[in-house]
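Asks: here is a sequence together with a model predicted from it:
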Amino acid sequence: MSATAAVLGPTLVAPASVHVSQASRGERRAIVVGASSGMGAALVRALCRQGYRVAALARRSELLQELERELAGVCERAGGYLFVHAHDVTESGAVPDLFERCVRELGGLDLFLFAAGI
């Protein structure tokens with residue numbers, strides 16, 4: 001891997017330009033849908049390490065809880081925050097309320113990532 005790349009997860013690689021500057025840590029907020037495995041979980045890990053305030057949403061609560069345990073302290077040490085919530089986004093009636101709750105919990109929103117396999 002070159003010096004201009006950063007590993008975001010087990011198999012996900014992106015340009016180093018995706019890193020957040022030190023000054024903005026803890027000020028960036030993201031919602032990741034489909035966060036319990038695969039690309040969604042890799043994105044949550046990367047964002048936590050970069051100090052984002054992250055709302056991780058997925059159907060499988062047991063996998064979300066494992067991710068939360070794995071990242072316990074990682075977000076805080078980087079200046080961020082992790083909030084997990086189990087929800088099936090195919091239940092469209094509750095999505096607007098859930099979205100509003102996440103935005104309130106995070107204090108705003110800068111990035112929305114949808115990685116759910118619907």
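Replies: Nice, thanks for sending it over. Residues are numbered from 1 along each chain as shown.

Asks: residues in contact with the residue nearest the centre of the chain?
Replies: The residue lying closest to the centre of the chain (CA atoms, centre = their mean) is Val44, at 3.2 Å. By CB atoms under 8 Å, 6 or more residues apart in numbering, the contact list for Val44 reads Val32, Ala35, Val54, Ala56, Leu67, Leu71, Leu82. C-beta coordinates here come from the backbone N, C-alpha and C atoms, glycine included.

Asks: could you do Gly38 as well?
Replies: Neighbour list for Gly38: Ala115, Gly117 [criterion: CB under 8 Å, 6+ apart].

Asks: now, the most widely separated pair of the contacts of Val44?
Replies: Across those, the two members that end up farthest from each other (CB to CB) are Val32 and Leu71, 12.0 Å apart.

Asks: more neighbours: these two, which one.
Replies: Each of Val32 and Leu71 has its neighbours counted (other CB atoms under 10 Å); Val32 has more, 27 against 22.

Asks: which parts of this protein are strands?
Replies: Using DSSP state E, the strands of the chain run over residues 5-7, 13-15, 29-33, 53-58, 81-86, 111-114.

Asks: nearest to Cys75, of those?
Replies: The closest approach between Cys75 and any of the strands of the chain, judged by CB to CB, belongs to strand 81-86 at 4.5 Å.

Asks: each with direction, which strands does the closest one pair with?
Replies: Each strand pairing with strand 81-86, determined using DSSP bridges, is listed with its direction: strand 53-58 (parallel).

Asks: residues making contact with the partner strand?
Replies: Applying CB under 8 Å, 6+ apart, the contact partners of strand 53-58 are 26, 28-37, 40, 44, 47-48, 64, 67-68, 75, 80-87, 89, 98, 102, 105-107, 116.
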